[in-house]
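1. how does the following fold in three dimensions:
(one chain, ligands or ions: 1)
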Amino acid sequence: MRVAVISAEAVPYSKTGGLGDVAGALPKALKAIGVDSVLITPCYWQTKAEYLWSTAVDDLNIDWRGSTYPAKAFYSEANGSPTFLIDAPSYFHRDSIYGYAEDYERFAFFNHAALALLRRIGSAPEIIHLNDWHCGFAAVELASMRRWESYWRNTRTVFSIHNMAYQGAFSPSELWKLGFGSDFARNAFSSDGIASAMKAGLETSDTLSTVSRRYAQEIQTRENGYGLEWLTRQRANRLIGITNGVDYEVWNPQTDNELPANFNIDNLDGKRECKRALLDEFSLPIDLDRPIFANITRLTAQKGIDLMMQIAGDLIETGAYIISLGSGEKKYEDFWQSLRDYAPRQVGIYRGYNERLAHRIEAGADMFMMPSKFEPCGLNQMYSLRYGTVPIVRAVGGLDDTVQNFDAVSGTGNGFKFGPYQSDKFLEKIYEALFAYADPHVWKKIQRNGMTVDNSWENAARKYVELYEWTLS
Ligand code: ADP
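-> Coordinates of the predicted model:
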């Protein structure tokens with residue numbers, strides 16, 4: 001089976017969040033189980049030159065908006081599988097990866113160029129795996145082209161939803177400029193007076209998936225459907241959930257070379273070293289018996305920062321350390337700064353994006369907080385499990401799929417999980433975690449339960465192969 005994965009970001013070429021992790025790791029995992037896959041992603045200004053191994057196509061001339069755009073494509077296998085990176089400087093050589101008024105145009109171009117590249121490099125793949133709203137354009141283009149271009153006749157599309165909250169909305173008057181002037185295309189994008197690339201992908205792809213089992217149910221509800229729940233319900237018989245995996249070559253405390261000391265399930269001494277180094281790195285007093293509560297995230301309402309704001313005072317009262325890595329909305333950045341000013345001997349913050357520090361926090365912390373409002377999958381709770389850092393999460397989306405609440409009587413469970421989006425429920429779980437932490441035998445049991453969980457990509461990749469087979473059948 002030949003599969004092309006198309007994604008707006010992919011590790012190590014680019015990453016702003018979980019989509020990058022998944023799109024980088026899945027093609028590698030597919031290759032490992034014998035699937036012939038290629039990844040196509042943009043070449044951003046942020047993409048390191050060392051990852052651009054060679055020029056694959058230096059005259060990828062794209063018919064675009066009535067003229068020819070002279071794009072290029074680089075080749076790499078830096079993520080462990082064949083990758084083509086579309087180079088179009090005016091669209092992708094910018095200060096940040098997203099956040100421009102014309103993002104819809106940038107990714108419409110990327111999709112169009114990705115399909116042109118596939119045509120150029122060989123026979124058509126049987127499956128094109130599209131990801132999030134950025135790829136809704138390719139879903140529509142393929143659905144129309146398949147009718148009259150024999151090259152695409154046997155190609156089917158899978159559309160994965162990593163986050164319904166981002167829909168790629170723009171003015172319908174732009175559609176014709178992007179080449180989507182037909183009635184079919186206009187209907188596909190049309191959503192309550194706007195054009196929605198997410199809606200187009202959901203409507204015109206052959207099958208749909210979400211990045212966790214629970215999220216496949218949640219996007220059919222009013223709360224998480226963002227006005228498209230009627231469509232996800234209508235297409236429920238073509239929709240499944242596959243929980244993301246973890247790339248254990250990147251996230252493994254035994255081999256992670258970002259850490260000051262390595263460790264594994266049989267010997268956690270190195271984790272104590274990591275804790276010492278982490279406290280030192282944040283200029284906090286070194287008391288290894290006090291727990292560190294950590295959080296690494298984009299600072300948006302989705303991530304439950306409001307609940308953290310509400311419990312922060314009580315958590316500080318317990319004497320625990322709090323370490324936060326992330327950037328985002330100003331009110332949340334200001335909150336972390338004011339907490340640090342209030343308790344400088346207990347709170348460490350780093351505002352920004354720092355991959356190396358993310359590894360060191362996962363290793364050095366004791367508890368990881370993810371009280372998300374919604375969480376399509378979430379990766380950090382799975383990294384935490386492997387690093388012996390106990391997750392405290394809200395039971396939504398992938399957090400519900402991957403974290404089991406600890407039961408002191410049976411000794412089962414790998415974290416602490418609460419239901420309603422309420423600070424008192426979150427705080428209850430924090431106190432439960434602190435109670436368990438006070439007994440080293442109990443704590444070790446929870447850590448071991450988490451460290452033995454297998455969330456490898458191999459399992460997830462096999463489920464994707466089943467999805468591809470189902471899509472073709
Ligand atoms: P989302 O995709 O919604 O942001 P996920 O939990 O699925 O959330 O994935 C987030 C990924 O981005 C994780 O790999 C996490 O470690 C990483 N990440 C988020 N913020 C930062 C940051 N400030 N520095 C380093 N890594 C970060």
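2. drop to CA atoms for contacts and neighbour counts, all remaining ones
-> Noted.
3. pLDDT of the longest helix along the chain, averaged?
-> Of all the segments of type helix in the chain, defined by DSSP state H, the longest one is helix 103-121. Across helix 103-121, pLDDT averages out at 98.
4. any buried residues in it, and which?
-> Neighbour-count burial for helix 103-121 flags 103-115, 117-118 (criterion: 16 or more other C-alpha atoms under 10 Å).
5. check stretch 210-225 too.
-> Quick answer for stretch 210-225 (16+ other C-alpha under 10 Å): 210-221, 224-225.
6. which members of these are the farthest-apart pair?
-> The distance between the two most remote of the buried residues of stretch 210-225 (C-alpha to C-alpha) is 16.3 Å, for 211 and 221.
7. re earlier: inside helices: which ones of the buried residues of stretch 210-225?
-> Reading helices off the buried residues of stretch 210-225 with DSSP H, I get 213-218, 224-225.
8. which among the buried residues of stretch 210-225 gets closest to residue 235?
-> The closest of these, once distances to residue 235 are taken by C-alpha to C-alpha, is residue 220, at 9.6 Å.
9. how much space separates the closest one from the ligand?
-> 19 Å (C-alpha to the nearest ligand atom, to the nearest Å).
10. what of residue 72?
-> The value you get for residue 72 to the ligand, if C-alpha to the nearest ligand atom is used, is 28 Å.
11. helix/strand/coil for that residue?
-> strand (DSSP: H, G, I helix; E, B strand; the rest coil).
12. so where's the protein shaky on pLDDT?
-> For the chain, no stretch is flagged by pLDDT under 70.
13. identify the residues contacting residue 374.
-> 224, 302-303, 396-397 (C-alpha atoms under 8 Å, 6 or more residues apart in numbering).
14. could you dump those to a markdown table with distance to the ligand and secondary structure?
-> Output for the contacts of residue 374, formatted as a markdown table (distance: C-alpha to the nearest ligand atom, whole Å; DSSP: H, G, I helix; E, B strand; the rest coil):
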| residue | distance to the ligand | secondary structure |
| --- | --- | --- |
| 224 | 14 | helix |
| 302 | 8 | helix |
| 303 | 8 | helix |
| 396 | 13 | coil |
| 397 | 11 | helix |
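15. nearest to residue 175, of those?
-> residue 224 (26.6 Å).
16. residue 435 should be in a helix, yeah?
-> Yes: with three-state DSSP as the criterion, residue 435 is located in a helix.
17. residues near it, how many?
-> 12 (other C-alpha atoms under 10 Å).
18. before we move on, what about residue 183?
-> 8.
19. same thing with residue 239?
-> Burial of residue 239 is recorded as 21 neighbouring residues (other C-alpha under 10 Å).
20. could you pull out the helices in the stretch 1-150 of the chain for me?
-> Along the stretch 1-150 of the chain, the segments classed as helices by DSSP state H, counting those that start in this stretch run 18-32, 89-92, 103-121, 136-148.
21. reformat the ones in helices among the buried residues of stretch 210-225 as a markdown table; add distance to residue 125.
-> Listed next are these as a markdown table, based on distance: C-alpha to C-alpha, whole Å:
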| residue | distance to residue 125 |
| --- | --- |
| 213 | 27 |
| 214 | 30 |
| 215 | 28 |
| 216 | 26 |
| 217 | 30 |
| 218 | 31 |
| 224 | 33 |
| 225 | 31 |
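22. what residues does the stretch 301-450 of the chain have near the ligand?
-> 325-327, 352-355, 358, 377-380 (C-alpha under 6 Å from any ligand atom).
23. just among the residues you listed, which is most surrounded?
-> When neighbours are taken as other C-alpha under 10 Å, the top entry among those is residue 377 (29 neighbours).
24. three-state assignment of it?
-> For residue 377, the assignment made with three-state DSSP gives coil.
25. likewise residue 392?
-> Secondary structure assignment for residue 392 (three-state DSSP): strand.
26. quick one: it and residue 366 touch, right?
-> No: Residue 392 is beyond contact range of residue 366, at 10.6 Å (criterion: C-alpha atoms under 8 Å).
27. so who does residue 346 touch?
-> Residue 346 makes contact with 284-285, 316, 319-322, 340 under the criterion C-alpha under 8 Å, 6+ apart.
28. what about the residues you listed, which are in helices?
-> Judged by DSSP H, the contacts of residue 346 include 316, 340 as members of helices.
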